[in-house]
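Chemist: model this:
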Amino acid sequence: MEANRSVKKKRWLLLLLVAMMITTVVAGCSGNESAGSNSKSEGSSNTGEEKSESPLDLTLMLPIFKTNYPKDGSPVAAELEKQTNTKIHFEWVPNASYADKFNITLASGKLPTIIYVGDVKASSFVNAAKSGAFWEVGPYLKDYPNLSQANPVILKNSAIDGKNYGIYRGRVLGRNGMVFRKDWLEKVGLQTPQTVDDFYNMLKAFKEKDPDGNGKEDTYGMVLVKWSGQWASGFDTIKLWFGTPNKWGVQDGKLVPEHEYPEYLEALKFMKKLYDEKLINSDFAVMDSAKWTDPIVNNKAGVIVDVVDTGARVDDKIHAALEKEGKDEPDKHYVDVSGGVTGTDGKLHTLPTSGFSGMLAIPKSSVKSEEELKRVLAFLDQINNPELQTMLGFGLEGTHYTMVDGFIERSKDTVLVESEVEGLNQILAYIPEDKSKTVAQTPLRLKQTEVQKANEASIVVNPAEAFISTVYSQKGAQLDNVINDARIKYIVGQIDEAELKSAFDVWRKTGGDDLVKEMNELYAKADH
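Modeler: Numbering: from 1, shown residues only. This is a model prediction of the structure:
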């Protein structure tokens, strides 16, 4: 009997040991499957237990440049959710009114999970960041494969008091320039403009010489839109052609605001001349930037001064429109680009980007824990992998594009692309760079790249780019409005030169003097 009990005891111990081993193996397999399902390192996926985690709820507030946009749960958005284990709600805001909506949302306290910040130095954002409303993400970037490769110079440019309160959206430094209808220029017998006078003559010819050949006086030169942000609808590029500095200039070792330079007034006089002669659209002060390219595609206007890469996008739309009419010439480019025109000194002066276009900030009111923050950062890191950059930029292969000879060929169904794809790339940081598949490098796209690279040699640096001013954080919006309102009113003839200069005096008296004083104190302490 004793021997039988001993044997039974050994059997039970053996069964228990086997059960424990099976449990361990199953647990190990489960962990491996979860970690391997995304095949990402710890930084770009959540953890090895991701399979058991519920989807991360994300609300994204982003600008949109079209009147049509991807809806929640539409095909690309749904695939994004699937690949990143998320549930996403998009809050799309028209770009022209984004700054106002941003401030309203900030004041409401009801913030999304991720919010696009268009102007990192805007007083509303700076004050909110300093008061602790947003996560400081800088210390976490090292833990993520893509985000850890952020450019140190751009991190500095986008920082507030040396701290990064969001993920910058990387952009080409020499991105700005001029886009124009190449076929129109040939029709009116002109060459690519090299000087300000050439530029004016091109706009005048586009209005008066029937460049679209329909026998009607229904065209004009350049499209401007309501956009008082960092590029102010093209004016911030054009003013440099006249020798105006970029935001701030340096005279006798002191910073001087751009609008106090005589060249700034000369640039405004030029803009007023274009308006008076109807060479630009009369409704520019209220025109939505979502419709910026429409007049070019619809044969109403011939020029846009903005980012150079607008050129290929406009050219594609013209081809699509002509193809529907059976009039397309596939091998022809209807659009051309250049870095701009030379100023009175015979040199090209280019408006640079800051190396980034706004940032993606994470509010503490909606992301309450460090654990959740890390999941949000993992999402932002993961979508910068090449395959997701491609999907967010071009959509789904077989639906929104096909691969031809190793290059992407977009669907010609522009409504489909706009309603399911365009705008989704606004969430991409492109850190460390754009690694997505590309469309075929046509002569126009190759030229765009060449122009952007060449522009780097002629950029006009803002000497106060990295400074954060306490005065500006308190009164910046008010001060900017004084200048923006005055220059629009001057261009359209509502005020004269004396009244314009009076507005500049108002700027001084309502905080401008304090701003100039503080900026010069910061400039004196900086290395330059």
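Chemist: Enumerate the beta-bridge partners assigned to the nearest residue to residue 90 once chain neighbours are set aside.
Modeler: The shortest distance from residue 90 to any non-neighbouring residue, by C-beta to C-beta, 6 or more residues apart in numbering, is to residue 60 (5.5 Å). C-beta: built from backbone N, CA, C; applies to glycine. Beta bridges link residue 60 to residue 90, residue 114 when assigned by DSSP bridges.
Chemist: how far away is residue 210 from residue 71?
Modeler: For residue 210, the distance to residue 71 equals 42 Å [C-beta to C-beta, to the nearest Å].
Chemist: What of residue 172?
Modeler: 30 Å.
Chemist: same question, residue 307
Modeler: 27 Å.
Chemist: now residue 303
Modeler: Taking C-beta to C-beta, one finds residue 303 at 34 Å from residue 71.
Chemist: how about the helices in the stretch 51-200 of the chain?
Modeler: Ranges of helices in the stretch 51-200 of the chain, per DSSP state H, counting those that start in this stretch, are 75-84, 98-108, 123-130, 152-157, 182-187, 196-208.
Chemist: how about these, which one is nearest residue 473?
Modeler: Taking C-beta to C-beta, helix 123-130 is the member of these nearest to residue 473, at 4.0 Å.
Chemist: I'd like the mean pLDDT over that closest one, please.
Modeler: Per-residue pLDDT over helix 123-130 has a mean of 92.
Chemist: before we move on, back to that, more crowded one of residue 210 and residue 71?
Modeler: residue 210 (17 against 11; other C-beta atoms under 10 Å).
Chemist: Tell me if I'm right that the more buried one and residue 216 touch.
Modeler: Yes. Residue 210 lies in contact with residue 216 (C-beta atoms under 8 Å); the separation is 7.3 Å.
Chemist: helix or strand for the closest residue to residue 285 other than its chain neighbours, which one?
Modeler: Counting by C-beta to C-beta, 6+ apart, residue 285 lies nearest to residue 488, which is 5.1 Å off, once chain neighbours are set aside. Using DSSP states H and E, residue 488 maps to helix 470-491.
Chemist: for that helix, packing partners?
Modeler: In terms of contacts (3 or more C-beta pairs under 8 Å, 6 or more residues apart in numbering; DSSP states H and E), helix 470-491 is packed against helix 123-130, helix 262-276, helix 497-507, helix 513-525.
Chemist: Nearest to residue 419, out of the ones you listed?
Modeler: helix 123-130 (30.7 Å).
Chemist: so how far is that closest one off the chain centroid?
Modeler: Centroid displacement of helix 123-130 relative to its chain, using C-alpha atoms, centre = their mean, to the nearest Å, is 20 Å.
Chemist: Stretch 356-369 too?
Modeler: Distance, centroid of stretch 356-369 to centroid of chain: 16 Å (C-alpha atoms, centre = their mean).
Chemist: Go through that stretch and flag the buried ones.
Modeler: Buried residues in stretch 356-369, counting neighbours by 16 or more other C-beta atoms under 10 Å, are found at 356, 357, 358, 359, 360, 361, 362, 363, 366, 367.
Chemist: Helix, strand or coil: sort out residue 337 for me.
Modeler: Recorded secondary structure, residue 337: strand (DSSP: H, G, I helix; E, B strand; the rest coil).
Chemist: Just confirm it contacts residue 179, I think it does.
Modeler: Yes. Residue 337 lies in contact with residue 179 (C-beta under 8 Å); the separation is 5.4 Å.
Chemist: where do the contact lists of these two overlap?
Modeler: 308, 311 (C-beta atoms under 8 Å, 6 or more residues apart in numbering).
Chemist: For residue 480, give its distance to residue 357.
Modeler: From residue 480 to residue 357 the distance is 18 Å (C-beta to C-beta).
Chemist: again, but for residue 139
Modeler: Separation of residue 139 from residue 357 (C-beta to C-beta): 24 Å.
Chemist: cool, residue 249 as well?
Modeler: To residue 357, residue 249 is 24 Å away according to C-beta to C-beta.
Chemist: for residue 289, same thing?
Modeler: Counting by C-beta to C-beta, the gap from residue 289 to residue 357 is 14 Å.
Chemist: Check residue 448 too.
Modeler: Note on residue 448: its distance to residue 357, by C-beta to C-beta, is 17 Å.
Chemist: again, but for residue 113
Modeler: Counting by C-beta to C-beta, the gap from residue 113 to residue 357 is 20 Å.
Chemist: Same check on residue 174?
Modeler: Look at residue 174 and residue 357: by C-beta to C-beta, they are 14 Å apart.
Chemist: and what of residue 108?
Modeler: Counting by C-beta to C-beta, the gap from residue 108 to residue 357 is 25 Å.
Chemist: what about the residue sitting nearest the centre point of the chain, which SS state?
Modeler: Centroid-nearest residue in the chain: residue 357, 4.3 Å away (criterion: C-alpha atoms, centre = their mean). Here residue 357 is recorded as strand under three-state DSSP.
Chemist: For it, give me its contacts.
Modeler: Contacts for residue 357 (C-beta under 8 Å, 6+ apart) come out as 169, 171.
Chemist: do that again at 10 Å, thanks
Modeler: By C-beta atoms under 10 Å, 6 or more residues apart in numbering, residue 357 lies in contact with 63, 116, 118, 168-172, 175, 230-231, 307, 426, 430.
Chemist: again with residue 351
Modeler: 174-177, 230-231, 234, 236-241, 246-247, 305, 340, 455, 458-460, 462.
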